[in-house]
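Asks: Here is a sequence with its predicted model. Questions after.
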Amino acid sequence: MIAPVQICKTVLSRLSAMDFEKEGGSSSEQLIFPKKIQAKGTKHKNRISEQELRFLFIEEFKKSNPELFYSIETPTIGKFNFGKSYDTIKSAKDGQSASLDMCVFARSLGSYNRILNIEFKHKNAAIKKIGKDILKLIQENQNGAFIHLLDNTNISTFCNNRETGLFNKFYKSFSDFKIGWSNNDKYIHLVIISLKQETIIHRKIYRADLNILKDIFFIESGSKKLKDINCKGWQVEAIKKCHE
């Protein structure tokens, strides 16, 4: 069975070892982060995106799970209506199929069966983008994984009084869409990759957890370090770089 966290550990190690086009370097990793040109060509910035995350994840998936199969931009079984704002997101029998970033299949007697749906995100995305992905994973029958790459993190990146943290957005999304949860036996694995901190924070959400969402997604006052997230059932793991 595919283990997203183990794959993400290797992916983070490789991401941490990558060079940037803007600065140059001598990394053995062939993939590099490109630069983007702004301000009418007067400003160059490093471009980090979910594309590098997705590409490396698929590479490592193929190495570690040769018995499994996958598709990308896979149409959902469920139907949805996605409007222009978060408040318009909903499942709808008269809606349209959405797309899953990646879907993993097992093959038996020539038939392919979906076993895991995966969504990838980068940066602290807007609530609408996160909500759409969470709704898709909630409504589909298979286990899900939401893999989110953050360039830099601290406690307020996850939870803050302005409700702009990633946990704040997870809490709202799961609270608003939990009624659509399908399959009592499935889980959704939340995996957060902190690039600069070289840390992975992860936790599985089961149907029973929908009754204790505040306990899962709100960090105790006074917490200052990522390790303090452990008290909410999350696991926090530091990763060793490939080049160390």
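Replies: Arrived safely, thanks for sending.
Asks: In the protein, mark out all the helices, start to finish.
Replies: Assigned by DSSP state H, the chain shows helices spanning 4-17, 50-64, 127-139, 155-158, 166-177, 213-217.
Asks: Looking at the ones you listed, which is nearest to residue 233?
Replies: helix 213-217 (6.3 Å; CB to CB). All C-beta atoms are positioned from the backbone trio N, CA, C, and that covers glycine.
Asks: Give me the buried stretch members for the closest one, please.
Replies: Under the neighbour-count criterion of 16 or more other CB atoms under 10 Å, helix 213-217 has 213, 216, 217 buried.
Asks: which helices and strands sit right next to that helix?
Replies: If contacts are counted by 3 or more CB pairs under 8 Å, 6 or more residues apart in numbering; DSSP states H and E, helix 213-217 sits against helix 166-177.
Asks: what's next to the helix it packs on, contact-wise?
Replies: Residues outside helix 166-177 that contact it (CB atoms under 8 Å, 6 or more residues apart in numbering) are 89, 124-125, 127, 130-131, 134-135, 138-139, 148, 150, 157-160, 163, 190, 192, 205, 210, 213-214, 216-219.
Asks: how about the nearest residue to residue 75, chain neighbours excluded?
Replies: Using CB to CB, 6 or more residues apart in numbering and skipping residues adjacent in sequence, the residue nearest residue 75 is residue 97, 4.2 Å away.
Asks: partner residues bridging residue 238?
Replies: Beta-bridge pairing for residue 238 (DSSP bridges): residue 199.
Asks: ok, it to residue 121 distance?
Replies: Distance of residue 238 to residue 121, given as CB to CB, to the nearest Å: 22 Å.
Asks: more neighbours, the two?
Replies: A direct count of neighbours by other CB atoms under 10 Å for residue 238 and residue 121 places residue 121 higher, at 19 against 12.
Asks: That one against residue 134, yeah?
Replies: No: using CB atoms under 8 Å, residue 121 makes no contact with residue 134, being 10.4 Å away.
Asks: Any chance you could list residues touching both of the two?
Replies: Between them, residue 121 and residue 134 share the contacting residues residue 146, judged by CB under 8 Å, 6+ apart.
Asks: residues of the helix or strand of the chain with the lowest mean pLDDT that come out buried?
Replies: Here the helix or strand of the chain ranked lowest by mean pLDDT, DSSP states H and E is strand 43-46, holding a mean of 80. Within strand 43-46, no residue qualifies as buried by neighbour count (16+ other CB under 10 Å).
Asks: what distance separates it from the centre of its chain?
Replies: In terms of CA atoms, centre = their mean, to the nearest Å, the centre of strand 43-46 is found 25 Å from the chain centre.
Asks: which helices and strands does it pack with?
Replies: Judged by 3+ CB pairs under 8 Å, 6+ apart, the packing partners of strand 43-46 are strand 35-38.
Asks: so what strands line up beside the strand it packs on?
Replies: strand 43-46 (antiparallel).
Asks: Which residue, other than its chain neighbours, is closest to the residue nearest the centre of the chain?
Replies: The residue lying closest to the centre of the chain (CA atoms, centre = their mean) is residue 147, at 1.7 Å. The shortest distance from residue 147 to any non-neighbouring residue, by CB to CB, 6+ apart, is to residue 191 (4.7 Å).
Asks: That neighbour pairs with what?
Replies: Beta bridges link residue 191 to residue 147, residue 202 when assigned by DSSP bridges.
Asks: For it, grab the count of nearby residues.
Replies: Residue 191 has 23 neighbours, counted by other CB under 10 Å.
Asks: and if you look at residue 222?
Replies: Residues contacting residue 222 under the criterion other CB under 10 Å number 7.
Asks: Tell me which residues touch residue 154, please.
Replies: Residues near residue 154 by CB under 8 Å, 6+ apart: residue 226.
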